[in-house]
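[1] need a 3D model of the following:
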Amino acid sequence: MTKDTMIGVDLAKKVFQLHGASMNGDVKFRKKLSRPQFLRFMADHDPAVVVMETCGSANYWARELSRLGHVVKLIPTRYVKPFVKRQKNDAADAEAIVIAAQRPEMRFVEPKSEDKQARAMVFRSRERLVHQRTELVNALRSYLYEFGYIFPQGIGHLKRVEAFLEDPNSGLPELVCGECHDLLHQISEMTARIDAKTRQIKVLGTETDTARRLQTMPGVGPIIALAVEAFAPDMASFRRGRDFAAWLGLVPRQYSSGGKERLGRVSKAGQADIRKLLIIGAMSRLNWLGRKSIVKESWLGRMLARKPKMLVAIALANKMARAIWAMVKNNEDYRDPAPTAAG
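    All right, here's what the predicted structure looks like:
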């Protein structure tokens with residue numbers, strides 16, 4: 001059925017604002033509906049193109065409206081903002097969503113399935129626990145610093161802190177020792193929860209062919225594989241691997257004008273979770289153990305010989321992103337290019 005109506009929806013928890021228009025922009029209706037009224041209205045309405053901003057409940061409503069026969073598109077909030085007229089309100093937002101969505105050059109976000117959202121939740125839960133543990137470790141170090149004792153950063157140095165607190169000649173007041181032991185206990189509990197999440201992620205990494213395939217690449221483990229599965233859209237939406245790397249924010253920022261190209265630092269404007277993990281995975285290949293497998297005549301070996309380590313890591317992360325695009329799109333395992341480069 002040809003869909004001749006576009007409906008912009010400004011989502012909320014209780015009150016939804018709708019703006020209906022024809023495909024050439026003529027306004028058909030404006031409605032303000034409660035949550036139950038919205039679902040009934042969309043169920044009774046003829047199939048239409050429904051556009052919503054990306055937000056917490058957008059993926060849920062995209063699935064619900066798709067079941068009702070509508071074509072659902074999600075548009076990034078930053079792309080809608082330039083089309084809001086003067087006053088900022090729900091009705092103006094819904095109208096701006098339709099105006100933005102009717103631009104032929106507009107980019108949309110692919111709605112996530114329930115499985116993707118669940119995997120993303122597991123990943124974010126582990127990230128949250130890691131951040132909370134880091135906060136506790138920093139609090140412990142700051143308490144000791146206030147009494148003149150300095151310990152290095154990192155979870156690996158907690159054994160030294162424990163040994164210091166167990167020393168009866170440490171010179172710390174009893175109340176301070178009690179608070180520090182309490183923090184150590186919280187850190188231990190948090191570490192156990194992180195380990196449990198890590199084990200769960202490893203199990204999830206064996207359940208799909210995509211996750212198994214990605215882990216054949218050096219520097220890619222279960223956590224990176226889960227992040228790619230949870231946050232990356234269908235690889236068919238990218239024309240080439242460079243587009244996927246640009247989507248991640250692993251390409252230089254441009255300041256080009258007048259036909260002269262000026263490239264700056266990495267843009268960091270894309271998907272932060274996958275980008276961060278790819279750089280960490282790339283750094284793991286550049287440490288003293290990973291360097292043993294690097295052929296000197298290969299691209300990576302030549303880069304290490306003349307460039308700073310962090311710059312090489314970002315370049316390698318870009319290369320890894322392109323390889324991930326090819327592996328997922330072509331359903332292939334990783335093939336090491338080093339022997340070919342050496343030959």
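[2] just the strands in the stretch 51-200 of the chain please.
    71-75 (DSSP state E, counting those that start in this stretch).
[3] quick one: the helices in the protein?
    Taking DSSP state H as the criterion, the chain carries its helices at 35-44, 58-67, 77-80, 90-101, 114-146, 158-166, 174-204, 209-214, 222-231, 241-248, 272-286, 299-306, 309-330, 338-342.
[4] mind giving me the packing neighbours of the first one?
    Packing partners of helix 35-44 (3 or more CB pairs under 8 Å, 6 or more residues apart in numbering; DSSP states H and E): strand 15-22. (Glycine included, C-beta is placed from N, CA and C.)
[5] next one: the second one
    Secondary structure elements in contact with helix 58-67, counted by 3+ CB pairs under 8 Å, 6+ apart, are strand 49-53, strand 71-75.
[6] so what touches the first one?
    Right, strand 49-53. 3, 5-11, 23, 42, 58, 61-62, 65, 70-77, 80, 93, 97-98, 101 (CB atoms under 8 Å, 6 or more residues apart in numbering).
[7] ok, the residue nearest to R193 when sequence neighbours are not counted - contacts?
    In space, R193 comes closest to L129 once its chain neighbours are excluded; the distance is 5.4 Å by CB to CB, 6 or more residues apart in numbering. Counting by CB under 8 Å, 6+ apart, L129 touches 190, 193-194, 197.
[8] please check those and keep the buried ones.
    When those are checked for burial by 16 or more other CB atoms under 10 Å, the buried set is 190, 194, 197.
[9] pLDDT and distance to A225 added to those, as CSV?
    As requested, these are exported to CSV (pLDDT from 0 to 100; distance: CB to CB, whole Å):
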residue, pLDDT, distance to A225
M190, 96, 24
I194, 97, 18
K197, 96, 15
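[10] okay, which residue is most central for the protein?
    The centroid of the chain falls nearest to D273 when counting by CA atoms, centre = their mean (3.6 Å).
[11] A94 touches V15, doesn't it?
    No. Here A94 lies out of contact with V15, judged by CB atoms under 8 Å, at a distance of 11.5 Å.
[12] could you check which of those two is surrounded by more residues?
    A94 (27 against 14; other CB atoms under 10 Å).
[13] quick check: closest non-adjacent residue to the more buried one.
    Per CB to CB, 6+ apart, closest to A94 is H19, 3.8 Å.
[14] where does the one you found land on pLDDT?
    H19 is assigned 96 on the pLDDT scale.
[15] show me what contacts it?
    So H19 contacts 7-8, 10, 27, 29-30, 91, 94-95, 97-98 (CB under 8 Å, 6+ apart).
[16] let me have those in JSON lines, extended by pLDDT.
    Converted to JSON lines, these look like this (pLDDT from 0 to 100):
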{"residue": "I7", "pLDDT": "96"}
{"residue": "G8", "pLDDT": "96"}
{"residue": "D10", "pLDDT": "95"}
{"residue": "V27", "pLDDT": "93"}
{"residue": "F29", "pLDDT": "94"}
{"residue": "R30", "pLDDT": "94"}
{"residue": "A91", "pLDDT": "93"}
{"residue": "A94", "pLDDT": "95"}
{"residue": "E95", "pLDDT": "95"}
{"residue": "I97", "pLDDT": "96"}
{"residue": "V98", "pLDDT": "96"}
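[17] weakest of the helices of the chain in terms of mean pLDDT?
    Among the helices of the chain, helix 338-342 scores lowest, at a mean of 48.
[18] chain center to stretch 47-55: distance?
    For stretch 47-55, the gap between its own C-alpha mean and the chain's C-alpha mean amounts to 22 Å (CA atoms, centre = their mean, to the nearest Å).
[19] what is the end-to-end distance of that stretch?
    23 Å (CA to CA, to the nearest Å).
[20] can you redo the contacts of L129 as TSV with distance to F151?
    Converted to TSV, the contacts of L129 look like this (distance: CB to CB, whole Å):
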residue	distance to F151
M190	18
R193	23
I194	21
K197	26
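[21] and the furthest pair within the residues you listed?
    Spanning the widest gap among those are M190 and K197, at 10.6 Å by CB to CB.
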